[in-house]
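*Asks:* turn this into a model:
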Amino acid sequence: MVERGGGATVATFFVETAPVIGAVSVLAEAAARHARVRRLEAGDPVRLADGAGTIAAGTITRMDHRAVEVSVTACAMVERAAPLTLLVPVADRDRMLWLAEKAAEFGVTAWRPVVYARSRSVSPRGEGAGFDAKVMARMIGALEQSGGAWLPRIHAACGLDAAIDACGAAQRFVLHAGGAALTALGPFTDTAVAVGPEGGLEAEELALLEARGWRAASLGNTTLRFETAGVAAAAIVRATQGR
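*Replies:* Residues are numbered from 1 along each chain as shown. You can find the predicted model right below:
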């Protein structure tokens, strides 16, 4: 949602196809339910986002229980924020979904689940195509709520070695209590942050990361849950990162 001139909010809806000025965007059944909850009706202004940088303004021209039609009146392309990759542990499903929402709100650009050694003992854990679809749904909801323009790219779960390779030349940090304060390691540009699983990284995993150029970074003296650590790290990086 975004603020209107008079202070009222304009509802944001996700669309799978980029809006085009003068065209009509048809929103799905979930959007129709959202519109009814908001008590919207024909003639009301709305905002559309395709998750790939296109933001549009439009007016509802028709709505029923199954669909909403929006006449698009203006479009703009929003520049994507500087890259921020989050390596998240394959872990408890509900806590991963909560972190996924926050990752979308902070404009994380890539979501990479990692099967750590301690991931294998978690049940029920978040993995597989069905779970990835739930992650996407949560991220879309967060995009609509926050008024963002870009969705994170969701990657399939993989082992730590493959996740490291995928991060390329980014500034790379692994959250660990023995590291320097993350707040002191900026400024951040193209950045990747590895969040360990509940119970922490195995010594071999930390050694692998450090051997491949990842710097240990601390978020403080207390032990954080992985989802809390992921949110804190994303907030720190985004607060000091250039576009």
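*Asks:* check which element follows the longest helix along the chain along the chain.
*Replies:* Scanning the chain for the longest helix, with DSSP state H as the assignment, gives helix 129-146. Scanning forward in sequence from helix 129-146 by DSSP states H and E, the next helix or strand is strand 153-154.
*Asks:* just want the angle from the strand or helix carrying Arg95 to helix 129-146.
*Replies:* Applying DSSP H and E as the criterion places Arg95 in helix 93-105. Orientation check (axes from the mean of the first three to the mean of the last three C-alpha atoms, to 10 degrees): helix 93-105 against helix 129-146 gives 40 degrees.
*Asks:* what about the helix or strand following helix 93-105, average pLDDT?
*Replies:* Per DSSP H and E, the first helix or strand lying C-terminal to helix 93-105 is strand 110-115. Mean per-residue pLDDT for strand 110-115: 98.
*Asks:* what comes into contact with strand 110-115?
*Replies:* 83-90, 96, 100, 103, 126-127, 135, 139, 152-160, 163, 166-167, 194 (C-beta atoms under 8 Å, 6 or more residues apart in numbering). Yep, even glycine has a C-beta here, placed from its N, CA and C like the rest.
*Asks:* redo that, cut-off 7 Å
*Replies:* 85-90, 100, 103, 127, 152-155, 157-160, 163, 166 (C-beta atoms under 7 Å, 6 or more residues apart in numbering).
*Asks:* sorry, back to before: may I have the longest helix of the chain as CSV, with CA atoms only?
*Replies:* Extracted in CSV, the C-alpha atoms of helix 129-146 (Å, rounded to 0.1, in the frame of the first residue of the first chain):
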residue,chain,number,x,y,z
ALA,A,129,8.9,-27.1,-5.3
GLY,A,130,5.7,-27.0,-3.3
PHE,A,131,7.5,-25.1,-0.5
ASP,A,132,9.1,-22.7,-3.0
ALA,A,133,5.6,-21.8,-4.3
LYS,A,134,4.6,-21.0,-0.7
VAL,A,135,7.8,-18.8,-0.4
MET,A,136,6.8,-17.0,-3.6
ALA,A,137,3.2,-16.4,-2.3
ARG,A,138,4.5,-14.9,1.0
MET,A,139,7.0,-12.7,-0.9
ILE,A,140,4.2,-11.5,-3.2
GLY,A,141,2.1,-10.6,-0.2
ALA,A,142,5.0,-8.7,1.3
LEU,A,143,5.6,-6.9,-2.0
GLU,A,144,2.0,-5.7,-2.0
GLN,A,145,2.0,-4.7,1.6
SER,A,146,5.4,-2.8,1.4
